[in-house]
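[1] here is the input, now give the coordinates:
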Amino acid sequence: MDAKRPSSWLLTPHRGRKRRERLILFSVTIVSLLVYWRFYRKASLDLLQLLLPILSGKYLRDSSFFYTSSPHFAGQGLKQAQWTLKKWKEFGIPDSHIASYDAQLPAPTEQQRLALLRGSEVLYEAPLKDNDHGFLPAFYSFVSNANITASYVFANFGADEDYDDLVENNIRVAQNWGLVGVLLYPDPQNDYPITELNGYSPYPKGPARPAKMIERGDIGPFVSYADAIPILTALNGYGPSASELGTRWQGGELAIHGVRYNVGPSPETYLHIVTDAYIQSGQVHNVIGKIPRVLENDGQSVLDVWNATGTGIIGTPGGGDVIRFQGLLCASTIDFGFSQGLGDNVFPYHSGFDSFEWIIQYGDPGWEYHLTTTKLWLVMAAHLSELPILDMKTTDYADAIER
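    Numbering: from 1, shown residues only. Below is the predicted model of the structure:
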């Protein structure tokens, strides 16, 4: 669409949600041990004594290294699928195959842009890349293409109370008053206490958040806090500052970079935003395996590894994250992992820094969390596969939801 002016953009920090530590595919390990148990079990053997000693942190490390050795955006995971299929067959699951699905996949062009302008002068041009290891530039999947030039304001976390504070100070930002977009950035205050202000260096020199980190995910558009600094600094001295708007507005840790957290609006500077992506036909590749029955009353275990969950969870019909199974199929689901605790190293979730190198340096150097997670999944999966009748009641689920 044509450039618009002078409507408003909101700039707001992304509130740091406590995310579960994302741990890289353990399917190959769990599958091999489940097959081993299914074919060689004896009633006198203790399940834990049989399975758990086989696990190896080195094996998990080697598998993770392969899966992260090259970027594989949606539609680019065939090599990883073929490797997984080969491993599964080596483990004794001949009834395994790659299921490829036709899909409409988003991809960015070279026209994406975020720039800070004063008239025709470019004050700052965001690179839209955080760690150049073959990653695509940051873009917002399935968003409408647009070319917009607009003034902007700082809106704290974008909560209802924040908008109320802005209105009370005669700063109008609601949609009815000309709002055309939102930018989100991760303020280091959400990473307390692992921040530069507390003496920690950003990754890779230290455990703090990388300044150029851009989170890819379901909500956008995100920019790095390195991109936010010049945009926020341009508001210095214009409009109320965070210190005048109450405690909820305070605590931002970009002050060490010259940001005063004035709300604006921007007087002479504008943001130029270009979103330009296209939809192309492609395929996503899932690996599906079935562990056959050994005894007549055995159930059949079906395993599925899917591709393209990061772009609208389109990897498989009805598949994807746990919500897909729970919401669309009403299937019983379990989703668990380790949460980031206070004082833990900052997890560069879904970014170019979310890498094998970060894991071995800061995330899980001894692979203890990976190994523990695998043990928990393995014991649970093996136990459930052994029970002729699962001790589950639909009323238990309803009671849990009600609580």
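
[2] skipping adjacent residues, who's closest to T109 in space?
    Leaving aside its sequence neighbours, T109 sits nearest to D276 (C-beta to C-beta, 6 or more residues apart in numbering; 4.8 Å). Where C-beta positions appear, they are placed from N, C-alpha and C, glycine not excepted.

[3] kindly report the same for Y203.
    P210 (4.8 Å).

[4] for that neighbour, give me its contacts.
    With contact taken as C-beta atoms under 8 Å, 6 or more residues apart in numbering, P210 is in contact with D130, N131, P202, Y203, P204, S224, P348, S351, F353.

[5] G264 contacts F154, doesn't it?
    Yes - distance between G264 and F154: 5.9 Å, which falls inside the contact criterion (C-beta atoms under 8 Å).

[6] shaky segments in the protein?
    1-12, 14-48, 132-134, 174-178, 217-221, 293-300, 307-332 (pLDDT under 70).

[7] in this structure, which spans are strands?
    Taking DSSP state E as the criterion, the chain carries its strands at 8-13, 96-108, 113-118, 121-125, 146-154, 179-185, 270-275, 277-291, 301-305.

[8] direction included, what does the last one pair against?
    Spelled out, that is strand 301-305. Applying DSSP bridges, strand 301-305 is found paired with strand 277-291 (antiparallel).

[9] rewinding a little: which one of the contacts of P210 is nearest S70?
    N131 (14.0 Å; C-beta to C-beta).

[10] mind checking how far the closest one is from F353?
    Distance, N131 to F353, using C-beta to C-beta, to the nearest Å: 5 Å.

[11] residue contacts, Y192?
    N198, L342.

[12] now with 10 Å?
    By C-beta atoms under 10 Å, 6 or more residues apart in numbering, the residues touching Y192 are G16, N198, G251, E253, L342, G343.

[13] which one of those sits closest to S70?
    G16 (29.4 Å).

[14] with adjacent residues omitted, what lies nearest to Q111?
    Using C-beta to C-beta, 6+ apart, the nearest residue to Q111 is D276, at 3.8 Å.

[15] run a quick check on the one you found versus R113, I expect a contact.
    Yes - counting by C-beta atoms under 10 Å, D276 touches R113, with 8.1 Å between them.

[16] what do the two both touch?
    With C-beta under 10 Å, 6+ apart as the test, D276 and R113 both reach N147.

[17] okay, helices next: where are they in the stretch 251-400 of the chain?
    322-328, 356-358, 368-386, 394-402 (DSSP state H, counting those that start in this stretch).

[18] of those, which is nearest W88?
    Per C-beta to C-beta, nearest to W88 of those: helix 368-386, 14.7 Å.

[19] check which helices and strands the closest one sits against.
    helix 27-40, helix 47-51, helix 57-67, strand 301-305 (3 or more C-beta pairs under 10 Å, 6 or more residues apart in numbering; DSSP states H and E).

[20] which residues are in contact with both of N131 and F353?
    Y203, P204, P210, K212, M213, I214.

[21] by neighbours, which of those residues wins?
    Counting neighbours by other C-beta atoms under 10 Å, the top entry in these is I214, with 30 neighbours.

[22] quick one: contacts for that one?
    Contacts of I214 by C-beta under 10 Å, 6+ apart are 126-131, 135, 137-138, 185-186, 220-227, 348, 350-353.

[23] name the nearest residue to the spatially most central residue of the chain, ignoring sequence neighbours.
    Compute the mean C-alpha point of the chain, and by C-alpha atoms, centre = their mean the closest residue is H350, 4.1 Å away. Leaving aside its sequence neighbours, H350 sits nearest to R216 (C-beta to C-beta, 6+ apart; 4.5 Å).

[24] just give me the neighbour total for that neighbour.
    Counted with other C-beta under 10 Å, R216 comes out at 21.

[25] my read is that it contacts L128, right?
    No - under the criterion of C-beta under 10 Å, R216 makes no contact with L128, lying 11.5 Å away.

[26] what touches both of the two?
    By C-beta under 10 Å, 6+ apart, the residues touching both R216 and L128 are L136, A138, F139.

[27] please name the nearest non-neighbouring residue to the last one.
    Computed as C-beta to C-beta, 6+ apart, the closest residue to F139 that is not its neighbour in sequence is P108, at 3.9 Å.

[28] distance check, S69 against E168.
    53 Å.

[29] now do S301
    For S301, the distance to E168 - C-beta to C-beta - is 59 Å.

[30] those two: which is more packed in?
    Between S301 and E168, counted using other C-beta under 10 Å, the more crowded position is S301 (19 against 10).

[31] quick one: that one and K290 touch, right?
    Yes - counting by C-beta under 10 Å, S301 touches K290, with 7.1 Å between them.

[32] shared neighbours, the two?
    I93.

[33] any idea how many residues pack against L136?
    Residues near L136, counting by other C-beta under 10 Å: 17.
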